[in-house]
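1. fold the following and give me the result.
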Amino acid sequence: MEDIVLEDALARMRPIADQDIPSIQHLASAEEIARNTFVPHPYPPGAAAEFVQKAQEHWQNEDGFVFAIIEKESGQFAGCMGIHPTPAHNRAEVGYWIGLPFWGRGLATAALRLLIQFGFEELKLNRIAAGHFPQNPASGRVMQKADMRYEGRLRGTRFHRGEYKDELHYAILRQDYETRTAAAGAGKTKETAED
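-> The predicted model follows:
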């Protein structure tokens, strides 16, 4: 499964690799990334190499799948997105960050859609969930655009940068994904028939 590649018109995703270490070290050093994630700030020297090594171990154990997000137009590393399954319940949690130079380009939404497809089609999951801090509404919009549904606010559920924070939760179920996929397929069939 380590040679898997996911892609659409905007993004290409592949397993995180040693070649990504310099880009991660550079992009993850921005304070804006730490503000809304659990990426440490200041980002310590060697943290990117340690992160990549742990991510590769998870790939080998098939208990976590962290992808590099590559902007297709430029070929540049733009960020990371991972999916972490809980096999006993056939569900997974998603986490991600996008480097500042790539904000506002639709990459997070494209990557999340690809990861959801991977989760349902390759990992055979029933549920995929994600959350964000209330002060990061852009992340919520990404989840909404990827057809995840808002499920509620968990009060004081995360200890982040010295304080307890709420988290807004979104999820998509297999049945939601299959309904969306079927509707998209029907739309393409109709367009083809009318052309």
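
2. now for the helix or strand Ile116 falls within, which elements pack on it?
-> Here Ile116 is covered by helix 107-121, with elements defined by DSSP states H and E. Helix 107-121 sits against strand 6-7, strand 11-15, strand 65-71, strand 77-86, strand 91-98, strand 127-132, helix 137-145, helix 174-194, with contacts defined as 3 or more Cβ pairs under 8 Å, 6 or more residues apart in numbering; DSSP states H and E. For every residue, glycine as well, the C-beta is placed using N, CA and C.

3. can you tell me which helices and strands the helix or strand hosting Glu57 packs against?
-> Assigned by DSSP H and E, Glu57 falls within helix 47-61. Contacts defined by 3+ Cβ pairs under 8 Å, 6+ apart place helix 47-61 against strand 11-15, helix 21-27, strand 65-71.

4. take these and write them to a markdown table, including mean pLDDT and mean neighbour count.
-> Output for the helices and strands packed on helix 47-61, formatted as a markdown table (pLDDT from 0 to 100; neighbours: other Cβ atoms under 10 Å):
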| stretch | mean pLDDT | mean neighbour count |
| --- | --- | --- |
| strand 11-15 | 97 | 21 |
| helix 21-27 | 95 | 18 |
| strand 65-71 | 97 | 24 |
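
5. may I have the beta-bridge partners of the one residue sitting closest to the centre of the chain?
-> Using Cα atoms, centre = their mean, the residue of the chain that lies closest to the mean C-alpha position is Met81, 3.5 Å off. Under DSSP bridges, the beta-bridge partners of Met81 are Phe67, Tyr96.

6. list the contacts for it?
-> Met13, Val66, Phe67, Ile69, Val94, Gly95, Tyr96, Ala108, Ala111, Leu112, Leu115 (Cβ atoms under 8 Å, 6 or more residues apart in numbering).

7. format the residues you listed as JSON lines; extra columns: distance to Thr181.
-> Below are the contacts of Met81 laid out as JSON lines (distance: Cβ to Cβ, whole Å):
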{"residue": "Met13", "distance to Thr181": "19"}
{"residue": "Val66", "distance to Thr181": "25"}
{"residue": "Phe67", "distance to Thr181": "20"}
{"residue": "Ile69", "distance to Thr181": "22"}
{"residue": "Val94", "distance to Thr181": "18"}
{"residue": "Gly95", "distance to Thr181": "24"}
{"residue": "Tyr96", "distance to Thr181": "22"}
{"residue": "Ala108", "distance to Thr181": "21"}
{"residue": "Ala111", "distance to Thr181": "18"}
{"residue": "Leu112", "distance to Thr181": "15"}
{"residue": "Leu115", "distance to Thr181": "15"}
